[in-house]
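A.B. asks: The sequence and its predicted three-dimensional model are supplied below.
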Amino acid sequence: MTRLTRLLAIAAFAALGAVGAPLMPLAPMAEAQQVNPTAESVTEDKLFQALRGDQMIEGRASIPDPKAPGLIKPGNKGWADTHTGTIRALTVWTMIGMVALLGIFYAYRGRIRIDAGPSGRTIKRFGGVERFAHWLMAVSFILLALTGLNLVLGRSVLLPMIGEGAFGALSASGKIVHNYMGWAFMLGLALAFVVWVGRNLPKAHDLTWIAMGGGLFKKGVHPPAGKFNAGQKLIFWSVVVGGAALSFTGVMLLFPVLAGTQADWQLYQLIHGIAAALLTAVILAHIYIGSIGMEGAFDAMGSGEVDLNWAREHHSLWVEEVEGKSAGSQGGGRVAPAE
Ligand code: HEM
């Protein structure tokens, strides 16, 4: 063969290849049936085509967890999309709903002031252990909520704003923070439960407080309340129940070997997302009322001392109890002039 005829032959083969390629739609299907999942060049698409129904692509693992070798189960992609969609919608709408409610409430009521004005005398509200428990639980919860929110919404909200590099670094460290902060939260939650459960049991006067809307909607209305009013008891039990649900399912997600079947694990993931969205919305309301929403409230968790008039207006039965004890112990030093 001359050089020219060799070149012509190569060109003819190339042209035939280009025309013939679209005419072979059945070839990848047949290839997919015999795909070798361990071959390096296997693409995800080919593997998915090779799988039918509920099959799984498995590797090898030397640990005793039977789920560990499972790499991809295409059937789960559908479930994962539904799960992510549900959690995302719930998270977005509960957040937007709560922020809107708080905005409306603020526009209507403004900051709730101490009606009688500050008295200049303070009363001890929370000791060191109570405040430590509160802030351990609060700081860890806020970090968990922010890093969890990034898992649910980061890709659609944050990624376009800060770019891939920053988002990747942030998400990688966020995941570590999320995994470790869970333990601090559980400790804070357990401590808060022990120190406050006795004060959060329902009492008859809670019904009066609820019937009067907690006095939240009208200036000068102050229903009687003990150390915690009915609204705070609701917050407390939401934190306890929601926090316990988040803790249990969180540990299952961290250690899938403990989680039972794959369906159990998926259920835990769903509960984790739903509990997180609902509790975060409740906590947004709590943070609002414990800071900008009510004059004098933050001091309770800041210095631990609150103004006596604030305490009389919002926790009258508790003040009577403390003053009764102080009188019994000849002053006892629990009510003091403000410094
Ligand atoms: C910056 C964030 C927060 C602020 C400013 C804040 C503020 C407060 C204040 C002022 C109190 C005492 C109210 C009183 O004297 O009656 C309180 C109590 C409490 N906080 Fe927080 N808090 C925050 C975050 C959290 C978080 C994240 C949680 C739980 C995950 C939480 C759970 C509780 C509970 C269970 C109580 C006792 C019940 C109640 O007062 O509702 N707090 N907080």
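C.D. replies: Arrived safely, thanks for sending. Residues are numbered from 1 along each chain as shown.
A.B. asks: Now name the helix or strand holding the spatially most central residue of the chain.
C.D. replies: Nearest to the mean C-alpha position of the chain, counting by C-alpha atoms, centre = their mean, stands residue 276 at 3.4 Å. Assessed by DSSP states H and E, residue 276 sits inside helix 262-290.
A.B. asks: Just after that helix, pick out the following helix or strand.
C.D. replies: helix 299-302.
A.B. asks: can you give me the offset of that next one from its chain's centre?
C.D. replies: Centroid separation between helix 299-302 and its chain, computed with C-alpha atoms, centre = their mean, to the nearest Å, is 24 Å.
A.B. asks: same deal with stretch 154-170?
C.D. replies: With C-alpha atoms, centre = their mean, you get 19 Å for stretch 154-170.
A.B. asks: before we move on, what about stretch 282-299?
C.D. replies: That offset, for stretch 282-299, works out to 19 Å (C-alpha atoms, centre = their mean).
A.B. asks: Against residue 238, how distant is residue 183?
C.D. replies: For residue 183, the distance to residue 238 (C-beta to C-beta, to the nearest Å) stands at 21 Å. (Each C-beta comes from the backbone N, C-alpha and C, glycine too.)
A.B. asks: higher neighbour count, those two?
C.D. replies: The residue with more neighbours, out of residue 183 and residue 238, is residue 238; 17 against 14, by other C-beta atoms under 10 Å.
A.B. asks: CA atoms only for stretch 82-95, dumped as PDB, please.
C.D. replies: What follows is stretch 82-95 as a C-alpha-only set of coordinates in PDB (Å, rounded to 0.1, in the frame of the first residue of the first chain):
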ATOM      1  CA  THR A  82     -37.700  13.100  48.700                       C
ATOM      2  CA  HIS A  83     -36.100  13.300  52.100                       C
ATOM      3  CA  THR A  84     -34.000  16.300  51.200                       C
ATOM      4  CA  GLY A  85     -36.900  18.000  49.600                       C
ATOM      5  CA  THR A  86     -39.200  17.500  52.600                       C
ATOM      6  CA  ILE A  87     -36.600  18.700  55.100                       C
ATOM      7  CA  ARG A  88     -35.600  21.700  53.000                       C
ATOM      8  CA  ALA A  89     -39.200  22.800  52.500                       C
ATOM      9  CA  LEU A  90     -40.000  22.300  56.200                       C
ATOM     10  CA  THR A  91     -36.900  24.200  57.300                       C
ATOM     11  CA  VAL A  92     -37.500  27.100  55.000                       C
ATOM     12  CA  TRP A  93     -41.100  27.500  55.800                       C
ATOM     13  CA  THR A  94     -40.800  27.200  59.600                       C
ATOM     14  CA  MET A  95     -38.000  29.700  59.600                       C
END
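A.B. asks: Any chance you could list what contacts it?
C.D. replies: In this structure, residues lying in contact with stretch 82-95 by C-beta atoms under 8 Å, 6 or more residues apart in numbering are 149, 152-153, 266, 269-270, 273-274, 276-278, 280-281, 284.
A.B. asks: So which of those residues wins on neighbours?
C.D. replies: residue 276 (26 neighbours).
A.B. asks: Surely that one is in contact with residue 247?
C.D. replies: No. If you go by C-beta atoms under 8 Å, residue 276 and residue 247 don't touch, sitting 11.4 Å apart.
A.B. asks: Packing partners of the helix or strand residue 171 falls within?
C.D. replies: Assigned by DSSP H and E, residue 171 belongs to helix 128-196. Under the contact definition 3 or more C-beta pairs under 8 Å, 6 or more residues apart in numbering; DSSP states H and E, helix 128-196 sits against helix 74-109, helix 230-254, helix 262-290, helix 299-302.
A.B. asks: who does whichever helix or strand comes after the longest one pair up with?
C.D. replies: Looking back up the chat, that one is helix 74-109. Downstream of helix 74-109, the next assigned helix or strand under DSSP H and E is strand 121-124. Strand 121-124 has the following strand partners under DSSP bridges: strand 305-307 (antiparallel), strand 335-337 (antiparallel).
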